[in-house]
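A.B. asks: Turn this into a structure:
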Amino acid sequence: MKSIKVVVVFLFIISFQQNLSQEIIKGNIKIDYTGQMTIQEHIENYFISDTLLLHKSIPLDRNNEEILINRQGVFRNTYLQYKNTDGIVRYSVNTPKTSYDNYFLNDSVFFISENYLALSKRTFNNKKKVDLNITLPSGFKLIYPKKEDFKGSFYKVPPIIAGDFDKKVYADFCVYQRSKVIGSEIRIKEIISIIEDAFIHFQNIFSKRSERPEIIFLPFKGKLAGKNIDNLIILNENFLTNKWINKKTLIHEVLHLWWGDNSIRFENPVLTEGITEFLTLNYLKKTEQKEYLIHLLKSKKKNIQYLEKYNLSFEKITNKKDYKIYCYDFLPLLLWLQNSENKVFNKLVSFYKNNSNSFISYSEGNRLLDELNIKIEMH
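C.D. replies: Now for the predicted structure:
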């Protein structure tokens, strides 16, 4: 009897250790000249009881019988759920037929930033090790991720960026732009100057970073101005040609190096974006860019006029319009109004110091809002 108990305890310990061990996603990805991706993936430390998640915006090829068996509905309004027994999947992904800023092949560039790999629901909020072998069409050079990038861990699948790019260095920032795009040296230096000033400022407030981010200009077809992913600041090529520079986006994306998946990951993404936008406004105030700040505040107040009630819970937000309003207008304004004597700013700095490199659950995020005197919903 005693020996049976010992065996049971031993098996429990082994199971517990497996549960705590970091998930490793290995994959072979082949991308053809049309942008179609053929993916062979193996999730190590996958449990039989796990559920696979696939991003609903990634257009799967119809001939994916293995992955399309036992669909379980939608998770977080974003991921399709499937049952799978061994964590080994093979499937193909088609290029979207319409303009889609998070996944495209055009103008000598392949780009995808959505979670194109299947993820385990059990470890969705955990950092993962990723090891990918990526095969590209002739003439495309892989910009990201390189082998050294896989040394880190990821909350989300790393983006794939490839194409025909020129690489230059400005003020220790590595900058990529398409070889056939002639960007003004003066304009690029203006952009880098704004990024560098913000980068130095926030390093002194939050924490030092071991390296400066890489900056990549991409030919987005939609309205997307910029993205931050890992140690990348990805900008729309129109920054190189527009008459005016969108400073707010540059500052906002720099801030994501500290307030985003690189450091603090909120389970509720509204908090990530809203806090980042508030800190952007606060930076403009501290650097005395008064006219620009007034313009932004007026625009945000105009955008929220239609709101009679609100709910900042991510699962309650059912359309992109409300999501954008809450992230970039409403929550930043609420924080701005509560920031008398820099109370909100100081609490956020303290929160960062105590929670950098942490996952912040819904309940923890709600407690933070409560401390900032922000109600999660108003009827």
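A.B. asks: alpha carbons only for contacts and neighbour counts from here, please
C.D. replies: Noted.
A.B. asks: what sits up against stretch 310-330?
C.D. replies: 76-77, 268-271, 273-274, 277, 300-301, 303-304, 376-379 (Cα atoms under 8 Å, 6 or more residues apart in numbering).
A.B. asks: Filter the residues you listed down to the ones in helices?
C.D. replies: Counted as lying in helices by DSSP state H, out of the contacts of stretch 310-330, are 269-271, 273-274, 277, 300-301, 303.
A.B. asks: Make TSV out of the residues you listed and add pLDDT and neighbour count.
C.D. replies: Listed next are those as TSV, based on pLDDT from 0 to 100; neighbours: other Cα atoms under 10 Å:
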residue	pLDDT	neighbour count
269	94	18
270	96	21
271	97	26
273	97	25
274	98	23
277	98	27
300	97	17
301	97	12
303	95	14
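A.B. asks: between these, which is nearest residue 350?
C.D. replies: Set against residue 350, the nearest of the ones in helices among the contacts of stretch 310-330 by Cα to Cα is residue 271 (16.0 Å).
A.B. asks: can you tell me which helix in the protein is longest?
C.D. replies: Longest helix in the chain by number of residues, with DSSP H as the criterion: helix 185-205.
A.B. asks: List of residues touching that helix?
C.D. replies: Applying Cα under 8 Å, 6+ apart, the contact partners of helix 185-205 are 170-171, 173, 209, 240, 245, 247, 250-251, 254-255, 349.
A.B. asks: Mind listing what's buried along it?
C.D. replies: For helix 185-205, burial by neighbour count (16 or more other Cα atoms under 10 Å) applies to 187, 191-192, 194-196, 198-199, 202.
A.B. asks: By pLDDT, give me the weakest of these.
C.D. replies: When these are compared on pLDDT, residue 187 comes out lowest, with 94.
A.B. asks: measure it to residue 112 for me?
C.D. replies: Distance, residue 187 to residue 112, by Cα to Cα, to the nearest Å: 27 Å.
A.B. asks: mind listing the strands in the stretch 201-350 of the chain by residue range?
C.D. replies: Secondary structure of the stretch 201-350 of the chain by DSSP state E, counting those that start in this stretch: the strands cover 214-218, 226-229, 232-236, 264-266, 310-311.
A.B. asks: which other residues reach the second one?
C.D. replies: Pointing back at strand 226-229 there. Counting by Cα under 8 Å, 6+ apart, 158-159, 233-236, 249-250, 253-254, 256-257, 261-262 sit against strand 226-229.
A.B. asks: Any regions of the stretch 51-200 of the chain where pLDDT drops low?
C.D. replies: Filtered on pLDDT under 70, the stretch 51-200 of the chain yields the residue ranges 65-68, 99, 183.
A.B. asks: again, 90 this time
C.D. replies: 51-52, 56-78, 82-90, 94-102, 106-108, 114-115, 125, 152-153, 155-156, 179-185 (pLDDT under 90).
A.B. asks: Just give me the closest of the contacts of helix 185-205 to residue 50.
C.D. replies: Among these, and counting by Cα to Cα, the member closest to residue 50 is residue 255, at 34.8 Å.
A.B. asks: Touching, that closest one and residue 276? I think so.
C.D. replies: Yes: with contact defined as Cα atoms under 8 Å, residue 255 reaches residue 276; the gap is 6.3 Å.
A.B. asks: How about the contacts made by residue 250?
C.D. replies: Contacts of residue 250 (Cα under 8 Å, 6+ apart): 191, 194-195, 226.
A.B. asks: Same question for residue 214.
C.D. replies: 173-176, 231-233.
A.B. asks: State the distance from it to residue 90.
C.D. replies: 32 Å.
A.B. asks: just residue 166 next, same as before
C.D. replies: Counting by Cα to Cα, the gap from residue 166 to residue 90 is 34 Å.
A.B. asks: Would you mind telling me which of these two has more residues around it?
C.D. replies: Per other Cα atoms under 10 Å, whichever of residue 166 and residue 90 has more neighbours is residue 90, with 17 against 12.
A.B. asks: Helices of this structure, residue ranges please.
C.D. replies: 2-20, 185-205, 247-255, 269-286, 290-303, 320-325, 331-337, 343-355, 362-371.
A.B. asks: Could you count how many residues lie near residue 256?
C.D. replies: 24.
A.B. asks: Chain neighbours aside, what residue packs nearest to it?
C.D. replies: residue 228 (6.3 Å; Cα to Cα, 6 or more residues apart in numbering).
A.B. asks: Could you do residue 269 as well?
C.D. replies: residue 314 (7.2 Å).
A.B. asks: tally of neighbours for that neighbour?
C.D. replies: There are 17 residues near residue 314, going by other Cα under 10 Å.
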